[in-house]
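Asks: Build me a model:
(one chain, ligands or ions: 1)
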Amino acid sequence: MIGFYLLGRLSDLARWEVAALAQRRGEAYRTVSERFVAVSSDDFRFYSRLAYTKVYGRLWFSTKKLSEVGRLARESGLQEYVLRNQPFAVRSNVSTALNRRVGWYLDGKVDLKAPKTTVFVVRAAGRYHFLAPACEISAKSFSCRDVKNRPFPHPTSLNAREARLLVNLSGVLPRETFLDPFCGTGGILIEAAVVGADVYGIDAVEDMVLGALANLQYYGLAGTVMKGDARKIPLKGVDAVATDVPYGRSSKVITRDLRSLYLDSFESVYSSLKRGRRFVVVADRDVSPLLERAGFRVDHVGSWYVHGGLTRRVHVCRK
Ligand SMILES: C[S@@+](CC[C@H](N)C(=O)[O-])C[C@H]1O[C@@H](n2cnc3c(N)ncnc32)[C@H](O)[C@@H]1O
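Replies: Numbers count the residues shown, from 1 in each chain. Sure, this is the predicted structure:
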């Protein structure tokens, strides 16, 4: 069992992110609280691709009472793990006093500066949950691919961590085909390629196509990007789709009628996607009725506040 302590921002989407990946792998998923979820898996390496999780690790045990920690650590094997991997550190979402107390219950050498392993205690739903080794997902691991660090930056593009969230919500697995039909300069394509998908992008503007190709190449990633129209996708049997549609504000739209651009492109995505697979759409408004009209089941619409004039909606759909 792996426990995931989620970022506070967009925690509903962070839960969907873990659930979408677990579901694709056939692993049981459980919501414990708003910011803590668990999956029956021991594949830690796979989950290092998450974007909106703060810390995750093997879930050894959960308890209501701290006084039981010594016994439960012995019975679950956490005590032995700590002794094999000392010096260790304890961190938590509670307080340094709790960290010290747990460090005391877990017999072993503590080193907060250079620990060999870290135990992370999450207080959620009235219990303490013990994770180890605690793997942290840091902002730094994404920042090298943020818009400002790409050779072809563009103001409409998403930063890497945000783009990765969308890719993970689509549930795409390594070697599967992934499409962004309004790809712009390729922010979402880059993250899909980093997790090992076979990526395809479409954009109506030639400069964007060249920019997306230059950006992919800069990070040593392969992908197919074509100039075209999202309303006429020339692909079939696609495994997953995620996109940030044009809002008609700063990115170019080749029609004045946004509503029909959305509906026609959603219908085109529907016919290019495999049955049962996911389509993730970001827009500046709720476009669920149009997605449903195109044939999709809308499982969730998340709100993503950007600034006073823009709250994005993230639609998680399934064919
Ligand atoms: C919000 S931007 C996408 C930003 C993108 N996620 C990125 O990382 O750069 C929308 C893109 O849709 C493109 N576009 C507009 N109408 C289109 C159409 N009918 N077919 C394909 N692309 C279109 C625009 O040129 C623009 O690059």
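Asks: From now on I want contacts and neighbour counts done on CA atoms only, so please keep to that.
Replies: Fine.
Asks: near the ligand, which residues of the stretch 51-200 of the chain?
Replies: Residues of the stretch 51-200 of the chain lying close to the ligand by CA under 6 Å from any ligand atom are T156, S157, L158, P181, F182, C183, G184, T185, G186, G187, I188.
Asks: Now intersect these with the helices, please.
Replies: Residues of those located in helices (DSSP state H): G187, I188.
Asks: now the residues of the stretch 51-200 of the chain next to the ligand as CSV including neighbour count, pLDDT and distance to R175?
Replies: Shown next, in CSV, are these (neighbours: other CA atoms under 10 Å; pLDDT from 0 to 100; distance: CA to CA, whole Å):
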residue, neighbour count, pLDDT, distance to R175
T156, 16, 84, 28
S157, 20, 90, 24
L158, 17, 93, 23
P181, 28, 98, 19
F182, 23, 97, 21
C183, 28, 97, 19
G184, 31, 96, 23
T185, 30, 96, 22
G186, 32, 97, 18
G187, 30, 97, 19
I188, 31, 98, 16
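Asks: now, among the residues of the stretch 51-200 of the chain next to the ligand, which is nearest to T96?
Replies: L158 (35.7 Å; CA to CA).
Asks: those helices in the protein, which residues are they?
Replies: Under DSSP H, the chain gives helices at 11-24, 69-76, 78-84, 96-105, 140-143, 160-169, 187-194, 206-218, 258-272, 288-293.
Asks: Packed most tightly, which of those would that be?
Replies: Ranked by mean neighbour count, the helices of the chain are led by helix 187-194 with a mean of 28 (mean count of other CA atoms under 10 Å).
Asks: who does it touch, helix- and strand-wise?
Replies: Helix 187-194 sits against helix 160-169, strand 177-180, strand 198-203, helix 206-218, with contacts defined as 3 or more CA pairs under 8 Å, 6 or more residues apart in numbering; DSSP states H and E.
Asks: Which of these sits closest to C135?
Replies: helix 160-169 (16.8 Å).
Asks: Now the closest one: average pLDDT?
Replies: Averaged over helix 160-169, pLDDT sits at 98.
Asks: Let me see the confidence value for the nearest residue to A125 once chain neighbours are set aside.
Replies: Excluding the flanking residues, the one nearest A125 by CA to CA, 6 or more residues apart in numbering is S33, at 5.8 Å. The model reports S33 with a pLDDT of 97.
Asks: T255 too?
Replies: 62.
Asks: for R9, same thing?
Replies: 87.
Asks: What is the neighbour count of it?
Replies: Neighbour count of R9, defined by other CA atoms under 10 Å: 12.
Asks: distance of it from V269?
Replies: 29 Å (CA to CA, to the nearest Å).
Asks: for V194, what are its contacts?
Replies: L221 (CA atoms under 8 Å, 6 or more residues apart in numbering).
Asks: ok, now R275?
Replies: Counted by CA under 8 Å, 6+ apart, R275 has contacts K319.
Asks: how about stretch 47-58: buried residues?
Replies: If you call a residue buried by 16 or more other CA atoms under 10 Å, then stretch 47-58 has these buried ones: Y47, R49, L50, A51, Y52, T53, K54, V55, Y56, G57, R58.
Asks: beta partners for the last one?
Replies: Taking DSSP bridges, one finds I2 as the beta-bridge partners of R58.
Asks: wait, isn't it in contact with C135?
Replies: No: using CA atoms under 8 Å, R58 is not in contact with C135; the gap is 9.4 Å.
Asks: Now do the residue most central in space within the chain against the ligand, distance only.
Replies: Centroid check for the chain by CA atoms, centre = their mean gives L165 as the closest residue, at 3.0 Å. Relative to the ligand, L165 is positioned 12 Å away (CA to the nearest ligand atom, to the nearest Å).
Asks: pLDDT score for the residue nearest to that residue when sequence neighbours are not counted?
Replies: In space, and not counting its chain neighbours, L165 is closest to A51: 5.4 Å by CA to CA, 6+ apart. With respect to pLDDT, A51 has a value of 98.
Asks: and the chain, what are its domains?
Replies: 2-136, 143-318 (automatic domain parsing).
Asks: Pull the contacting residues for the residue nearest to the centre of the chain.
Replies: When contacts are counted by CA under 8 Å, 6+ apart, L165 touches A14, E17, L50, A51, Y52.
Asks: still on that earlier bit, in strands, which of the buried residues of stretch 47-58 fall?
Replies: Among the buried residues of stretch 47-58, the residues falling in strands (DSSP state E) are T53, K54, V55, Y56, G57, R58.
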